[in-house]
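Q: generate coordinates for the sequence data below:
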Amino acid sequence: MGVSARNGIHYCGVLVVALVAVLLSACGSDNDAGSLTVYSGRSDALVAPLIERFGDATGIDIQVKYASTPQLAATLLEEGENTPADVFFAQDPGGLGAVSGLLAPLPENVLQMVPRWAASPTGVWVGVSGRARTVVYNTESLTPVDLPVDLTGFADPKWKGRIGWAPTNASFQTMITAMRSIWSEEKTVQWLKDIQANDPKVYPKNTPIVAAAAAGEIDIGLVNHYYLHRFLAEEGESFGARNYHPPAGGPGAIVMVSGAGILSASDNKDNAQKFVDFLLSEESQRYFVEVTFEYPLAAGIPVAEGVTPLAEVNNPDLSSAALSDLEGTQKLLREAGVIP
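A: Got it, this is the predicted structure:
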């Protein structure tokens, strides 16, 4: 091999080393983007890919703590100003309302990106997607005409042994909060007692309720709308369950928001705001529509095919504040013997 060739190889080697140095320097710049700690009441199966997209796009080092929204709300209240969390990404407004005193005000332009009902009345959190409460039913044993116009009908003894519910689930508890607001505490307690008398099957969350309805283990379940659509996407139209939105409305037809707030104690508020902005971006809103089958709240994107439009859901006129008393609902559920 000639000297010029060897020199060429040496020159190329220098270039490669220099290029690696530039790339390492760039990685260092990514690290300089800082960090972010998210407490997520949304499950990792639903939102981990979206959070990863944000990290990849920004270079921010993201740590996520996954747990149920009530658990994380309790943790935040215990940690107070010493919390390591920068953002609380909650499944429902109840959890956000429970910790609203720990959250920092959001910019007005961010709050205005969503409908008024989908943001904190005090401006400390914003909804990023919508989820309707619904009744999932087994299509072999029932049709919509067999179902009551609102949840009061399921107190009838004819539904004994046919109902599935998840009392520890955050969305269920938000529904009960709505029930207290719409019906009164007394009527809510009586409904809970009547349902318990009907020997409901208890599940840890929504997914197994929908599966049980399709399998005929139960005839109806109290769930959020989008779980059915995930099954339909995977198993096709032959899946043996469908959603029913109670036409008379009430607590069984409320539209809840998942939302996010920034902790006042956060040392990473700039990155936290970037994350909230990202959740409201068109990319994220399309993710909620196309991947999780939720309702978009910003960017004017239509719902996924097959999902009942919001205009056709008889959503009761409740403010987010009316759905925020998670602590009061959990106390009522314990006193009624529904949760331990």
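
Q: got a list of what Ala260 touches?
A: Val87, Phe88, Phe89, Ala90, Trp125, Val126, Val128, Phe275, Val276, Leu279 (Cβ atoms under 8 Å, 6 or more residues apart in numbering). C-beta: built from backbone N, CA, C; applies to glycine.

Q: show me these that map onto strands.
A: Val87, Phe88, Phe89, Ala90, Val126, Val128 (DSSP state E).

Q: and those as TSV, adding distance to Asp61?
A: Below are the ones in strands among the contacts of Ala260 laid out as TSV (distance: Cβ to Cβ, whole Å):
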residue	distance to Asp61
Val87	14
Phe88	19
Phe89	17
Ala90	22
Val126	24
Val128	22
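
Q: of those - the most surrounded one?
A: Ala90 (32 neighbours; other Cβ atoms under 10 Å).

Q: pretty sure that residue sits against Gly259.
A: Yes - contact status for Ala90 versus Gly259: in contact at 5.9 Å, counting by Cβ atoms under 8 Å.

Q: any residues in contact with both of these two?
A: Leu96, Trp125.

Q: quick revisit: show me which of the contacts of Ala260 is closest to Glu237.
A: Val128 (29.6 Å; Cβ to Cβ).

Q: give me the spatial nearest neighbour of the closest one, chain neighbours excluded.
A: Leu279 (4.2 Å; Cβ to Cβ, 6 or more residues apart in numbering).

Q: all helices of the stretch 1-150 of the chain, in order?
A: 3-31, 44-58, 69-79, 93-98, 108-111 (DSSP state H, counting those that start in this stretch).

Q: other SSEs contacting the third one?
A: The reference is to helix 69-79. strand 35-40, strand 87-90, helix 93-98, helix 170-183, helix 326-335 (3 or more Cβ pairs under 8 Å, 6 or more residues apart in numbering; DSSP states H and E).

Q: got the angle between it and helix 326-335?
A: With axes from the mean of the first three to the mean of the last three Cα atoms, to 10 degrees applied, the angle from helix 69-79 to helix 326-335 works out at 120 degrees.

Q: domains of this protein?
A: 1-32, 34-130+257-308, 131-254+327-335 (automatic domain parsing).

Q: wait, which of these is closest to Pro316?
A: domain 131-254+327-335 (5.3 Å).

Q: between the two ends of that closest one, how far is it?
A: Criterion Cα to Cα, to the nearest Å; first-to-last residue distance in domain 131-254+327-335 is 28 Å.

Q: just give me how far that domain sits from the chain centre.
A: Here the centre of domain 131-254+327-335 is set off from its chain's centre by 17 Å, with Cα atoms, centre = their mean, to the nearest Å.

Q: correct me, but Gly97 touches Leu323?
A: Yes - counting by Cβ under 8 Å, Gly97 does reach Leu323; the two are 7.0 Å apart.

Q: neighbour count for the two, which is higher?
A: Between Gly97 and Leu323, Gly97 has the larger neighbour count (other Cβ under 10 Å), namely 29 against 25.

Q: grab the nearest non-local neighbour of the more buried one.
A: Closest to Gly97 by Cβ to Cβ, 6+ apart is Ser324, at 2.3 Å.
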